[in-house]
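Chemist: task: produce atomic coordinates for the following.
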Amino acid sequence: MKVKEIVTLQRSLLVDTEKLLNKQVEMEGKSSAYYLSMASWCDMMGYANAAKYLYTHADEERMHMMKIFRYINEAGGHAIQPEITDIRHNFNSLREVFELILEHEIKVTKAINNIVDHAFSVKDFATFSFMQWYVTEQREEETMSRRALELFDIIGEEGVGLWTIDQELGKLHNASVQASGE
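Modeler: Presented below is the predicted three-dimensional model:
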């Protein structure tokens, strides 16, 4: 498929690239809403540290969305506010929440890689360069999600296990916040 190129004094962003970036805006917006819903469920269930971890994560995902949103407009494109629907609000267990998070982060990584591949193939080196931050960020997101999920296997969920996991999620959250410089 040939990429339709639109270059004017006002626009340097290819239409196909804009579409991919707007899809990513939607994915990041849904991520934020999804993690916010998970945080609320954790709060309701008494997992205070997991909730804190997920509230922060929801904010980070919104920041990721806004960064792409602004990039699209700055490159002369038109960023589209996504409609956020079909967000799940109830979960079967704390473990399920973190299994879903890892699954979701892997999907986000694949979407980011798709944009990077596209940008390179059409020689859009500005977008390629811009997306490198997301490549690195996704590696961190997946690693953090795996570490959180590993707690369930290492600690176990019996007895005080869930309480201990929640405490460890608080430590993981604090380490993440310190690493990001917040």
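Chemist: which SS state does the residue nearest to E142 when sequence neighbours are not counted fall under?
Modeler: Sequence neighbours aside, E105 is the residue nearest to E142 in space, at 5.1 Å (criterion: Cβ to Cβ, 6 or more residues apart in numbering). Yep, even glycine has a C-beta here, placed from its N, CA and C like the rest. Put simply, E105 is helix when judged by DSSP: H, G, I helix; E, B strand; the rest coil.
Chemist: what's E105 in contact with, if anything?
Modeler: 138, 141-142, 145 (Cβ atoms under 8 Å, 6 or more residues apart in numbering).
Chemist: got any ranges where the protein has weak pLDDT?
Modeler: Residues of the chain meeting the criterion pLDDT under 70: 1-10, 176-182.
Chemist: count of residues packed around the closest residue to R70 other than its chain neighbours?
Modeler: Closest residue to R70 apart from its sequence neighbours, by Cβ to Cβ, 6+ apart: A79 at 7.4 Å. Number of residues near A79 (other Cβ atoms under 10 Å) recorded here: 19.
Chemist: Three-state assignment for A79, please.
Modeler: Using three-state DSSP, the structure places A79 in coil.
Chemist: where's it relative to M144, distance?
Modeler: 27 Å (Cβ to Cβ, to the nearest Å).
Chemist: contacting residues for E18?
Modeler: Contacts of E18 (Cβ under 8 Å, 6+ apart): 72, 75, 77-78.
Chemist: if you set the cut-off to 7 Å instead, what comes out?
Modeler: 72, 77 (Cβ atoms under 7 Å, 6 or more residues apart in numbering).
Chemist: relative to A50, how far out is the residue nearest the centre of the chain?
Modeler: The centroid of the chain falls nearest to E61 when counting by Cα atoms, centre = their mean (4.8 Å). Between E61 and A50 the computed distance is 16 Å (Cβ to Cβ).
Chemist: try S40
Modeler: Distance from S40 to A50, by Cβ to Cβ: 11 Å.
Chemist: swap in I165?
Modeler: For I165, the distance to A50 - Cβ to Cβ - is 8 Å.
Chemist: also F128?
Modeler: Distance, F128 to A50, using Cβ to Cβ: 36 Å.
Chemist: of the two, which one has the most company?
Modeler: Between F128 and A50, counting by other Cβ under 10 Å, A50 is the more crowded of the two (28 against 19).
Chemist: in the helix or strand where that one lies, what counts as buried?
Modeler: Assigned by DSSP states H and E, A50 falls within helix 48-74. Of the residues in helix 48-74, 49-58, 60-62, 64-65, 68-69, 71-72 count as buried by neighbour count, 16 or more other Cβ atoms under 10 Å.
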